[in-house]
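Colleague: Quick one: sequence plus predicted model below, questions after.
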Amino acid sequence: MLTFFSRWYQERFSDPQAITLMAILVGLALVIYFAGGLLAPLLVALVLAFLLEWPVAQMLKLGINRTTGASLMLVLFLGVVVLLTFGLIPSIWRQGVSLMTDLPSMIDKGLQTLQALINQYPQFINPEQLNVMVAELKKLLDTQHVIDIAKQIIGYSASLLVLMVYAILVPLLVFFFLKDKDQLINGSKRFFPTNRQLARKVWFEMHQQIFNYIRGKVIEIVIVGIASYVLFAVMGLSYAALLGVLTGLSVLIPYVGATLVTLPITLVAFFQWGFSAEFGYLMLGYGIIQALDGNLLVPVLFSDAVDLHPVIIIAAVLVFGGLWGVWGVFFAIPLASLVKAVINAWPKTEIEQPLPSPES
């Protein structure tokens, strides 16, 4: 057994390039895991600069210097952020508050429907089990309990100080990342080992895939969100903007997100229309959007960026989402692709086998 592990270690880790690559990956993972909270504005700005680098590079080809290109992209980016902040977020917030207000009446309507089913089919539903479920649901939806949860959510996610830090630091960092890209990259090289050719090979392989994935995911969120909102608004569904945004964001979690967001859409439509023609048309339209997303939009956007089995994708979402939360979920597929690229590029040294002794 010791001989087997010794031979495996020599095959996989005898190349200095492999040791360097492993050290770089482990070091970056440890920094993100233990200091991700402190470095969050830096990481957010780094991701945004990575996305905005392509249009800046196109401006350079047109003769525009990097400083001017970075300034133009920053102004455009801030304009989009301001438009979303003052145009979309207030509407979503109002609809979220309205949904919380209407939730008790929706629950009562659901319980009445369930009670009617019990009276109609007593052999399938136990009234005692229903009473227990209703008691637990009322306890969970107790007004004070809901208020406490809302206060905690607001306290964690809408801290004025955190928002101010992000609003000031992130745009500044994005500008300097774009403006001084070459200077920053050359300056950071001294912190890495010199024999990093294998790491450079893996990065070149992953660079375009990561860019294509992030760009495609942003486009997918926008298209699915807008299409869903238009459908909900045309049908007159309540909380159309809120549910449209949730549907767009659901594509961040492959396979699972669509299932999770379908539940609130179905419940809101049922409580608004019941089992009617409007309910059927809405669910049919929503199903068409999901089908087009999975069978047309995703293959077009990610044909060159994702070559992973669905089981690997789901496992990556669980693992990296558990490690780094929302960011881990968003970057689960690029990280899984990185792991695959490292495995494919990892050198393997053939160990010479001893020659058999000649027969006497």
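Modeller: That came in fine, so what should we check first?
Colleague: The closest residue to Pro254 other than its chain neighbours: what's it in contact with?
Modeller: Excluding the flanking residues, the one nearest Pro254 by C-beta to C-beta, 6 or more residues apart in numbering is Ile313, at 5.2 Å. All C-beta atoms are positioned from the backbone trio N, CA, C, and that covers glycine. Residues in contact with Ile313 (C-beta atoms under 8 Å, 6 or more residues apart in numbering) are 254-255, 306, 332-333, 336.
Colleague: just these now: which is nearest Gly285?
Modeller: Ranked by distance to Gly285 (C-beta to C-beta), the contacts of Ile313 are led by Tyr255 at 21.0 Å.
Colleague: Count the neighbours of the closest one for me.
Modeller: By the criterion of other C-beta atoms under 10 Å, Tyr255 has 11 neighbours.
Colleague: so how far is Phe279 from it?
Modeller: 25 Å (C-beta to C-beta, to the nearest Å).
Colleague: cool, and Leu46?
Modeller: According to C-beta to C-beta, Leu46 and Phe279 sit 45 Å apart.
Colleague: Could you export the contacts of Ile313 as TSV, including pLDDT and secondary structure?
Modeller: Formatted as TSV, the contacts of Ile313 follow (pLDDT from 0 to 100; DSSP: H, G, I helix; E, B strand; the rest coil):
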residue	pLDDT	secondary structure
Pro254	73	coil
Tyr255	70	coil
Val306	62	coil
Ala332	79	helix
Ile333	78	helix
Ala336	81	helix
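Colleague: Pull the most distant pair out of these.
Modeller: Pairwise distances across the contacts of Ile313 peak at 13.7 Å for Tyr255 and Ala336 (criterion: C-beta to C-beta).
Colleague: any low-confidence regions in this protein?
Modeller: Residue ranges of the chain with pLDDT under 70: 1-2, 4-18, 114, 117-118, 121-163, 165, 192-196, 303-307, 345, 347-360.
Colleague: Mind doing that once more with 50?
Modeller: 143-144, 151, 153-158, 351-352, 355, 360 (pLDDT under 50).
Colleague: In terms of secondary structure, what does the helix ranked longest in it contact?
Modeller: Taking DSSP state H as the criterion, the chain has its longest helix at helix 197-235. The contact analysis (3 or more C-beta pairs under 8 Å, 6 or more residues apart in numbering; DSSP states H and E) places helix 197-235 against helix 16-35, helix 40-61, helix 240-249, helix 277-292, helix 298-302, helix 332-345.
Colleague: How far does the fourth one sit from its chain's centre?
Modeller: What it means is helix 277-292. Computed by C-alpha atoms, centre = their mean, to the nearest Å, the separation of helix 277-292 from the middle of its chain amounts to 25 Å.
Colleague: what's in contact with that helix?
Modeller: Outside helix 277-292, the residues within contact range by C-beta under 8 Å, 6+ apart are 224, 227-228, 231-232, 235-237, 247, 258, 262, 265-266, 269-270, 273.
Colleague: rerun that using 7 Å as the cut-off
Modeller: Contacts to helix 277-292, defined as C-beta atoms under 7 Å, 6 or more residues apart in numbering, come from residues 224, 227-228, 231, 235, 237, 258, 265-266, 269-270, 273.
Colleague: out of these, which is most surrounded?
Modeller: Going by other C-beta under 10 Å, Ser228 tops these with 26 neighbours.
Colleague: Go ahead and confirm that residue touches Thr247.
Modeller: Yes - counting by C-beta atoms under 7 Å, Ser228 touches Thr247, with 3.9 Å between them.
Colleague: what separates Ile221 from Gly325, distance-wise?
Modeller: As judged by C-beta to C-beta, Ile221 and Gly325 stand 18 Å apart.
Colleague: Neighbour count for these two, which is higher?
Modeller: Ile221 (17 against 11).
Colleague: which one is that one nearest to, not counting chain neighbours?
Modeller: Leaving aside its sequence neighbours, Ile221 is closest to Gly248 (4.6 Å, by C-beta to C-beta, 6+ apart).
Colleague: shouldn't the one you found be in contact with Ala227?
Modeller: No - Gly248 is beyond contact range of Ala227, at 8.8 Å (criterion: C-beta under 7 Å).
Colleague: before we move on, back to that, check which residues of the longest helix of the chain are buried.
Modeller: By neighbour count on 16 or more other C-beta atoms under 10 Å, the buried set for helix 197-235 is 198-199, 202, 205-206, 209-214, 216-217, 220-221, 223-225, 227-229, 231-232, 235.
Colleague: Fine by me, we can end here.
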